[in-house]
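Visitor: Fold the following and give me the result.
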Amino acid sequence: MKLAILGGGGVRIPGFVRGILSSGAAAFDEICLFEPDELRRNTTGRLAVELATALGQPGAVRLTPDVEEALQDADFVFSAIRVGGDRARVIDEEVALRRGIVGQETTGPGGCAMALRTIPVLLSYCEVLARCAPGAVLINFTNPVGVITQAVSLHSGVRVVGVCDTPSSALDRLATFLGAGRGQVAFSYGGLNHLGWITSFAVDGEERIGALLDRYEELARFDHVFAAFDPALVRRLGAIPTEYVYYFYEPARYVAAVARAGASRGADVQRLNSELLDAIMAAFGAGGVNDAWAAYSMLMGVRRDTYMRTDTEGENQQAQARARRRAARPAEPGDGQPGAGQPNGGRPGGYEGVALRVIDGLTGRSPGEVIVNTRNGASLGFLDQDDVVEVPALVHGGGVSPLAVGPLPRSARGLITQTKQYERELVDAAVSGDADLAALALALHPLVPGVTVAREMMSEYRELHGPHLAYLR
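Guide: Numbers count the residues shown, from 1 in each chain. Next comes the predicted model:
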C-alpha cells in the first residue's frame with residue numbers, strides 16, 4: 001500500500017512519518033513525499049527520509065519534487081500544502097488586523113485568502129491524481145479544511161475526506177478532566193470545521209454535559225483552551241464550543257490580545273519554523289539524524305506548548321516553553337517523544353492520528369466512528385446535502401457514512417448557516433476566478449463588517465499575494 005504526501009516537506013511531516021513507521025498504525029509499503037521547495041527537501045524532507053533508516057526501515061520513505069512520481073499508483077494521498085508558505089500566512093493575518101478584524105489563518109479574511117490561494121493548486125493536483133491513481137482517496141488536512149474539502153468534493157472526481165483534530169482533542173480533554181477513558185465516552189458533536197459544538201457528553205451511559213457546564217470555571221483552570229470562553233455564555237448555550245469558536249465569540253478580545261503581544265500567531269510560527277529549518281540544517285552539518293531529530297522535537301514542542309497563547313492571553317509564552325523543553329532529555333528517533341506528534345510512543349496524535357483512523361476504517365482494518373469533514377447528507381438538516389460539514393461518521397470499507405447529529409443551539413445553527421453560505425460563494429469564486437465574487441463572498445462572513453471593507457481587503461490581498469491570486473479577474 002502506497003501513501004503519498006503533498007507538502008511532504010511541511011514541518012509536521014517528520015513527526016507524522018516517524019509515528020507511522022514506529023507504531024505500525026497503518027501498513028504502508030511505501031511513503032512518497034512530494035515537496036517542490038528545495039530548502040524543505042533538504043531539511044524536514046531529509047529528516048523524514050533518514051528517520052526511516054534510523055528506525056530500521058531504510059528505503060521506506062522517498063522524497064521527490066515530481067508530483068506525478070509521488071502520486072503514481074498511490075492508495076492514499078495526504079494533502080498538507082501551504083501555498084505561499086509562512087510569509088503568506090502573516091500577510092493573511094495582518095491585512096485583517098490592520099482593520100481591527102480577526103486575522104487568523106483559517107477563520108474570516110485570513111482563511112478566505114488562504115483558500116483562494118490553495119483551491120486552484122489543489123484542484124490541479126487532483127487532476128494529476130485522477131490520472132495517476134484513479135482509485136486513491138485524498139485525505140485533506142490543508143487549511144481551511146472544510147472549504148478546501150468542499151472544493152475538491154464538488155469540483156473534482158477524487159474521493160476526499162477532510163480531517164482535523166480539534167473536536168477529537170476537545171473530547172479527549174473533557175474525558176481526562178472527568179477521569180474517564182476515551183472508550184467510556186459517548187458524545188454528540190456537529191458543525192463546520194473550526195466552528196463546532198459538543199452538545200452531549202456521556203460517561204458509561206450517564207450524561208455529564210450538565211456537570212461540565214456547572215464546573216466550567218474548574219474546567220477552564222484545568223486546560224487553557226477552555227478558558228477562551230466566558231462560563232456564563234457557555235452555560236447559557238448548553239453546549240461546549242470547540243476552541244476556534246473563540247474567534248467568533250471574542251473577536252475584540254482576540255484583536256486586543258494580538259496588539260498586546262505585538263505579533264500574530266502567524267508571525268510567531270514563521271519565526272519558529274525558520275529557526276527549525278536552520279536548526280535541522282545545522283544538525284545535519286555537524287552530526288546526523290539523532291541531532292536533527294532532537295532539534296526538531298524540541299522546537300515542535302515549543303510550538304505545541306504555545307498554541308493559542310498569543311490569541312487568548314496576549315503573550316506567546318515561548319520563553320517558558322523553551323525553558324521546559326531544554327530542561328528535558330533530548331529526544332531520540334525511537335523515543336515517541338511528545339510534542340512531535342506521538343503521544344506515549346503509540347499511534348500518532350493530533351490530525352495525523354485522525355487521518356490514520358480514517359485509513360484503518362476505509363481499508364476495513366478497523367472500521368469505526370471518526371469525526372471528519374464530509375458531505376452532509378442528512379446529518380445537519382438545515383444545510384444542503386452536498387455541503388461539507390464536520391460530524392461523526394462511520395468509516396468502513398464501503399466509504400464514509402455521516403451519522404445523525406443531536407440538536408445544536410439556535411445561535412450555533414445561525415452561525416453555521418451564514419458561514420456555510422460564505423464557504424459556498426468562496427468556492428464558486430475560486431473555481432470561476434471571479435475577483436468581485438470573492439469580495440462578495442468575504443462580505444458574507446460573520447466576522448467581516450460589510451462589503452466595502454471586504455472589497456478593500458480583497459484588493460490588498462491580490463496586491464500582496466501577487467502571482468498566487470493573479471488568476472482572480
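Visitor: Poorly predicted segments of the chain, please.
Guide: By pLDDT under 70, the weakly predicted segments of the chain are 24-26, 336-349.
Visitor: What residue spans form the domains of it?
Guide: 2-86+97-162, 255-344 (automatic domain parsing).
Visitor: Would you agree Pro407 falls within a helix?
Guide: No - using DSSP: H, G, I helix; E, B strand; the rest coil, the assignment for Pro407 is coil, not a helix.
Visitor: which residue sits closest to it, ignoring its sequence neighbours?
Guide: Thr199 (6.7 Å; Cβ to Cβ, 6 or more residues apart in numbering). Yep, even glycine has a C-beta here, placed from its N, CA and C like the rest.
Visitor: Just list the residues touching the one you found, thanks.
Guide: Thr199 makes contact with Ser188, Tyr189, Gly190, Ile209, Gly238, Ala239, Gly406, Pro407, Leu408, Pro409 under the criterion Cβ atoms under 8 Å, 6 or more residues apart in numbering.
Visitor: On the three-state scheme, the residue nearest to Pro109 when sequence neighbours are not counted is what?
Guide: Closest residue to Pro109 apart from its sequence neighbours, by Cβ to Cβ, 6+ apart: Ala96 at 4.1 Å. When classified by three-state DSSP, Ala96 comes out as helix.
Visitor: what's Ala96 in contact with, if anything?
Guide: Ala96 makes contact with Val102, Gly103, Gly108, Pro109, Gly110, Met457, according to Cβ under 8 Å, 6+ apart.
Visitor: Tabulate the contacts of Thr199 (CSV), appending neighbour count.
Guide: Formatted as CSV, the contacts of Thr199 follow (neighbours: other Cβ atoms under 10 Å):
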residue, neighbour count
Ser188, 20
Tyr189, 24
Gly190, 28
Ile209, 18
Gly238, 14
Ala239, 27
Gly406, 13
Pro407, 13
Leu408, 23
Pro409, 15
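Visitor: isn't Leu47 right next to Ala294, touching?
Guide: No - using Cβ atoms under 8 Å as the test, Leu47 is too far from Ala294 to be in contact (11.0 Å).
Visitor: between the two, who's got more neighbours?
Guide: Between Leu47 and Ala294, counting by other Cβ atoms under 10 Å, Leu47 is the more crowded of the two (26 against 20).
Visitor: now Ala321: how far from Asp291?
Guide: 21 Å (Cβ to Cβ, to the nearest Å).
Visitor: scratch that, Val95
Guide: Val95 is 39 Å from Asp291, by Cβ to Cβ.
Visitor: re the thing from before, from the contacts of Thr199, pick the one nearest Asp268.
Guide: Asp268 has its nearest neighbour among those in Tyr189, at 29.1 Å by Cβ to Cβ.
Visitor: For the closest one, which residues are in contact?
Guide: Contacts of Tyr189 by Cβ under 8 Å, 6+ apart are Pro167, Leu171, Gly196, Trp197, Ile198, Thr199, Ile371, Val391, Pro392, Val405.
Visitor: Same check on Gly59?
Guide: Ala52.
Visitor: Checking it next. Helix, strand or coil?
Guide: Gly59 ends up coil, using three-state DSSP.
Visitor: Roughly how far does it sit from Thr53?
Guide: Gly59 is 8 Å from Thr53, by Cβ to Cβ.
Visitor: Same check on Asp311?
Guide: 39 Å.
Visitor: Which one's more surrounded, these two?
Guide: Looking at Asp311 and Thr53 with other Cβ under 10 Å, you find the greater number of neighbours at Asp311, namely 25 against 14.
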